[in-house]
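Novice: following is a predicted model, sequence given first.
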Amino acid sequence: MAKAQTIIDEEVLDEIEEPKKRKKTKEVTNETLTFLESLNGIGPTTRKRLEDAGFGSKESIALATRAQLTEISGIAEKTATLLIREARAQFDLGLKKGISYQEAAKKRIKLQSGSSVFDELLGGGFESGSITELAGENGCGKTQIVHQLAVNCINQLKKDVVWIDTEGTFRFNRIKEMAEDLGLDHEHVLERITIGRAYNSEHQMALTEEAITMTPNIGLVIVDSLMSNFRNEFAGRGTLAERQQLIGKHLAFITKQAEIMNFVAVVTNQVAAKPDAMFFGDPNRPVGGNVVGHTVTTRIMIRKGKGEKRTATLTKNPELPDGKIEFAVIAEGIRDYKG
């Protein structure tokens, strides 16, 4: 009798333990699910609509509006509301106390440029969580700087790089030279840079959103250059309003993602002559108007000097004073000017 009771008890114990095992297996499986797959009530058809419309990640949904989700993906307004609420809850995008901004600032990353005086001008380096603009004439060294930042991001931050190339200026040989000077395997560095060659403004915006949302370990986003496609496509005053609206949307997306994902964002920009500054001040001003000027957090004007010499002038930053330094562009990368 005692033996029979023991067998029954073991069978009962197995029945109790089995659901626990199944539950544990299910929990492990859920860890591998995407954001949309983990939500109850979101079927495969709705999920595919959202993914096809570019809303496959919680980041993209958290930053979307209800109108965008319903119009672009065709889902119901109620479903869109629930999706946005859930995505934003995971990113803590609600109301916050001022002290939380102080804590967030402590988590900001400073990416070094390769030049100590350049980093000093920026309070320690290029800061994450916002957009830094490098503006200047063709050949002044803007693209050289972002090549160096890409290598430094992988070396210093151990994070990946997204590079949106609108003018065909990315050069793997420059990455190789800069990487090898730091003792890095250049092929490993190149493997960690995701490049999107953008041929028009719409393509540029789509590639940027796709690359950012699909790169989880992202440390740096580069757009080189920001305004090239927009200037070519929207010529004349009649198209100015539409152009500015699209640029604003493009920069707003990068800014929001930089804040949430805490990566460094750097855009290069062209300049245009300013007639009223012909006899005094800098005759060049960044293109893009107030939309670009108001959206970027930091603006640096780059000018070419003789030989390897360059100057960087900080003209906008909410925390730092304006300043000007000299640096050098050499074969090994961005360095202090020794002249």
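Specialist: Yep, that arrived.
Novice: count the residues that sit near residue 105.
Specialist: Residue 105 has 11 neighbouring residues, counting by other C-beta atoms under 10 Å. For every residue, glycine as well, the C-beta is placed using N, CA and C.
Novice: now do residue 138
Specialist: If we define neighbours as other C-beta under 10 Å, then residue 138 has 11 of them.
Novice: before we move on, what SS does it have?
Specialist: The local conformation at residue 138, judged by DSSP: H, G, I helix; E, B strand; the rest coil, is coil.
Novice: looking at it now. What's its pLDDT?
Specialist: On pLDDT, residue 138 comes in at 94.
Novice: likewise for the one 4 residues further on?
Specialist: The per-residue pLDDT reported for residue 142 equals 98.
Novice: for the remainder of this discussion, apply numbering that starts at 40.
Specialist: Okay, residue one is now 40; in that scheme the one you just asked about reads as residue 181.
Novice: next one: it from residue 242, what distance?
Specialist: 21 Å (C-beta to C-beta, to the nearest Å).
Novice: compare those two (neighbour count), which wins?
Specialist: Neighbour count, other C-beta under 10 Å: between residue 181 and residue 242, residue 181 has more, with 25 against 15.
Novice: measure that one to residue 270 for me?
Specialist: Residue 181 is 16 Å from residue 270, by C-beta to C-beta.
Novice: with residue 215 instead?
Specialist: Distance, residue 215 to residue 270, by C-beta to C-beta: 31 Å.
Novice: ok, now which ones touch residue 364?
Specialist: With C-beta atoms under 8 Å, 6 or more residues apart in numbering as the criterion, the residues that contact residue 364 are 154, 156-157, 159-160, 350-351.
Novice: check the burial of the residue nearest to residue 295 when sequence neighbours are not counted by counting its neighbours.
Specialist: In space, residue 295 comes closest to residue 102 once its chain neighbours are excluded; the distance is 4.9 Å by C-beta to C-beta, 6 or more residues apart in numbering. When neighbours are defined as other C-beta under 10 Å, residue 102 has 24 of them.
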